[in-house]
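Asker: turn this into a structure:
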Amino acid sequence: MKKTILTLTLSIMAFNTSLSQVAKPPQVEKKPKELILHEHTRIDNYYWLRERENPEVIEYLNKENEYTNEVMKETEPLREKLFNEIVGRIKKDDSSVPYFKNGFYHYYRYEKGKEYPIYCRKKENLQNDEEVILDADKLGEGYKYYNAAGLSISPNNKLLVFAEDTVGRRQYDILFKDLATGKIVPDRLTNTTGYAVWANDNQTVFYARKDKALRSYKIFKHKLGTDSALDEEVYHETDETFSTSVYKSKSEKFVIISSYSILSNEYRVLNADTPDGKFILFNPREKEHEYSIDHLNGNFYIRTNLNAKNFRLMITPENKTTKENWKEIIPHRDDVLLENFELFNDNLVLQERKNGLTQLRIKRWDESIDKYIDFGEETYAAFISANYVPDTEVLRYSYSSLTTPNSVIDYNMRTGEKIIKKQDEVLGDFDSDNYKSERLFAIAFDGSKIPISLVYRKDKKKNDGNPLLLYGYGSYGINTNPSFSSSILSLLDRGFIYAIAHIRGGEEMGRFWYEDGKLFKKKNTFTDFISCGEFLIRERYTSKDKLFAEGRSAGGLLMGAITNMRPDLFNGVIAGVPFVDVVTSMLDETIPLTTVEYDEWGNPNQKDYYDYMLSYSPYDNVEEKDYPNILVMTGLHDSQVQYWEPAKWVAKLREMKTDNNLLLLNTNMDAGHSGSSGRFRKFKELALEYAFMLNLVGIKE
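Answerer: So this is what the prediction gives:
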């Protein structure tokens, strides 16, 4: 295939030419497979890369890794410098802010030279002796990947339940520890979601298991000291478009089973004092009725979209839970999205979002106070944090911005006093005054205003454009919040601008913003991102030869789509664990996240969805044309986006693209969707991503 060189700058040309002389990309065999549906035939030459146990597949992935290493070899000094910079900003012997629950202060801490946290508690007073309840670093010894999760202590404070994943596929074993003896007891629950809920008898837990497609589909009851093979199934979610989980109410009175799909919820409740009782249906599921529940002081509180697109808050007695008994306490508002709520004896706290920004509202039950917390910055991120004690005047929340490190703050809801319990320490010469954040709005093709949050170093900002990394996600109603990242400083200090495109498919501007970026409106997500890139070039924040794009998972789908739609707009694209083989994956009910996500993407077994998804699916729309420089990151054990999607995409791009730009695939052979485990290892991959971009704009150190 004839190659043409995409002219960017002389330095970029020289960089790419030198690399092409020392390394040649691996070749992958084409094995055509016909995929026929709706009287339409697709030929997939790389379908066989799905064969996880095939040695040829592993060999191919290893060869791609070798090629990436060889191509990027000259950047090794820069990558090592970047890694040391990023890790060097992190306090090695750090600890979390303790929270109080059931007579103990709980926290975790890190020790120098260790990757995983040590979980601890102190009884009643922070001056008392420390008790280590779990040393994850010790448990993780000998594993290439280790994740301890779901720590929960029994009501009598004597037993710990926790979960571990040693592969990265999010299939957890649940274990129990006797906190008096320090010994792990024999009980082991396998193939779980990693979270168990204690009944109030201190002997019974409820937990969820996964099916072959890794869908959480059954809730079981386990009694300590019994054979887990005999655990009683207490709920089976038979609808394959739903998953299930279990949690405990804030009041500690109820164990709650949640059944959920993208657009519907259903709950069952059980008094935690009677673990052998029967779960009672809270309210029957209805199509497109989303709601969440919590309990305190004899009442259930319900955040619901029932006749309320942006959600409202309702209340009902604990013995009258069906919707005809619900009474409104916070009405629906067209311009305010109700995201979350927190219950206290004297106060209700609402986490709302207006005009793209989070607000925390304090409302006293006696109506003597109804106010918002003032954050004082143009763009920021704020969230309700750990609040386990209802009988308090203190709200704990977390706050950060693109220039302000994450802070844990205790706020007195009566007096308005704020106490910063901790602000993350950034080691080195960091000074927030050296950086400036802005909030801008790009205009979409249909006139919609798309928020953009960005940050740069004041003394590095140029009038004629800086290199700029534009990040995007835009799916599931998940918001990409403008929070602080010390690792981004390594780009900002080298003259980069970092920007977040708050595109449709997220919920930043309200529920309609999400609905305008899904199903038959999914392409709005992609065109919004392109509009943001064009706006930043037009406003001279950057230029085409200095603009980079990044997204992960569903954001990786975004990256695949924009490289097909506007490959000329970007110098480089980083696609992390990218969901790029949309149609084929959504037709395969044997893999995770297929049936449960029909409400997000559509069901391609229906022709109208098939046709629409096929029109944007990145893998299906690779063409014979020039593409930007592309770095693709994935994990062999990924349970969310299977490794073969990015592998197939790269293979097809190699076959079709008509340029000499970089195309690199890096597969972590020991990890899954979230990359390497541990506190610092993940930054090796981040250093590779940064070096990829820096080299393309001629920054060598």
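Asker: element containing residue 105, please.
Answerer: strand 104-109 (DSSP states H and E).
Asker: which residues are contacting the helix or strand just after that strand?
Answerer: Using DSSP H and E, the helix or strand that follows strand 104-109 towards the C-terminus is strand 118-123. Strand 118-123 has contacts (C-beta atoms under 8 Å, 6 or more residues apart in numbering) with 98, 103-111, 128-137, 151, 153. Glycine gets a C-beta too; all of them are placed from N, C-alpha and C.
Asker: just the buried members of those?
Answerer: By neighbour count, with 16 or more other C-beta atoms under 10 Å, these hold 98, 104-108, 110, 133-137, 151, 153 as buried.
Asker: what is the nearest of those to residue 207?
Answerer: Each of these was scored against residue 207 by C-beta to C-beta, and residue 151 proved nearest at 13.7 Å.
Asker: was I right about that closest one contacting residue 162?
Answerer: Yes. Residue 151 is within contact range of residue 162, at 4.7 Å (criterion: C-beta atoms under 8 Å).
Asker: overlap in contacts, those two.
Answerer: Joint contacts of residue 151 and residue 162 (C-beta under 8 Å, 6+ apart) are residue 134.
Asker: could you report the neighbour count for the closest residue in space to residue 386 that isn't next to it in sequence?
Answerer: Leaving out its chain neighbours, the residue that sits closest to residue 386 by C-beta to C-beta, 6 or more residues apart in numbering is residue 99, at 4.2 Å. By other C-beta atoms under 10 Å, 17 other residues sit near residue 99.
Asker: list the buried ones in the host helix or strand of residue 60?
Answerer: Secondary structure assigned from DSSP H and E places residue 60 in helix 55-71. Going by neighbour count (16+ other C-beta under 10 Å), the buried part of helix 55-71 is 57, 60, 61, 64, 65, 67, 68, 71.
Asker: need the residues that contact that helix.
Answerer: 19, 22-26, 28-29, 48-49, 51, 636, 643-644, 647, 650, 662, 664-667, 669.
Asker: filter the residues you listed to the buried ones?
Answerer: Among the contacts of helix 55-71, those classed as buried by 16+ other C-beta under 10 Å are 19, 25-26, 28, 48-49, 636, 643-644, 647, 650, 662, 664-667.
Asker: distance to residue 142 and pLDDT for the buried residues of helix 55-71 - can I get that in JSON lines?
Answerer: Conversion of the buried residues of helix 55-71 to JSON lines gives the following (distance: C-beta to C-beta, whole Å; pLDDT from 0 to 100):
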{"residue": "57", "distance to residue 142": "27", "pLDDT": "95"}
{"residue": "60", "distance to residue 142": "29", "pLDDT": "96"}
{"residue": "61", "distance to residue 142": "24", "pLDDT": "96"}
{"residue": "64", "distance to residue 142": "28", "pLDDT": "96"}
{"residue": "65", "distance to residue 142": "23", "pLDDT": "95"}
{"residue": "67", "distance to residue 142": "30", "pLDDT": "97"}
{"residue": "68", "distance to residue 142": "27", "pLDDT": "97"}
{"residue": "71", "distance to residue 142": "32", "pLDDT": "96"}
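Asker: would you agree residue 360 is in contact with residue 350?
Answerer: Yes. At 7.4 Å, residue 360 counts as touching residue 350 under the criterion of C-beta under 8 Å.
Asker: what's the first-to-last distance across stretch 26-34?
Answerer: One end of stretch 26-34 sits 24 Å from the other (C-alpha to C-alpha, to the nearest Å).
Asker: can you give me the neighbour number for residue 370?
Answerer: Residue 370 has 11 neighbours, counted by other C-beta under 10 Å.
Asker: what about the strands in the stretch 251-400 of the chain?
Answerer: Here the stretch 251-400 of the chain has its strands, by DSSP state E, counting those that start in this stretch, at 254-260, 265-271, 280-283, 291-296, 299-304, 312-317, 327-330, 337-343, 347-354, 357-364, 370-372, 381-384, 394-400.
Asker: what residues sit buried inside the second one?
Answerer: Spelled out, it's strand 265-271. Within strand 265-271, the residues that count as buried by 16+ other C-beta under 10 Å are 265, 266, 267, 268, 269, 270.
Asker: now do the contacts for the first one.
Answerer: Put plainly, it is residue 265. 258, 259, 285, 289, 290, 291, 292.
Asker: need the residues you listed in JSON lines (columns: distance to residue 553 and neighbour count).
Answerer: Putting the contacts of residue 265 into JSON lines (distance: C-beta to C-beta, whole Å; neighbours: other C-beta atoms under 10 Å) gives the following:
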{"residue": "258", "distance to residue 553": "23", "neighbour count": "21"}
{"residue": "259", "distance to residue 553": "24", "neighbour count": "20"}
{"residue": "285", "distance to residue 553": "27", "neighbour count": "17"}
{"residue": "289", "distance to residue 553": "27", "neighbour count": "17"}
{"residue": "290", "distance to residue 553": "22", "neighbour count": "18"}
{"residue": "291", "distance to residue 553": "26", "neighbour count": "22"}
{"residue": "292", "distance to residue 553": "23", "neighbour count": "16"}
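Asker: with the residues you listed in mind, which one is nearest to residue 192?
Answerer: For these, the nearest to residue 192 is residue 258 (15.4 Å; C-beta to C-beta).
Asker: that closest one against residue 242, yeah?
Answerer: No. The pair residue 258 / residue 242 is not scored as a contact, 9.7 Å apart, by C-beta under 8 Å.
Asker: quick one: the helices in the stretch 501-650 of the chain?
Answerer: Assigned by DSSP state H, counting those that start in this stretch, the stretch 501-650 of the chain shows helices spanning 511-515, 523-538, 554-565, 582-586, 598-601, 607-616, 644-656.
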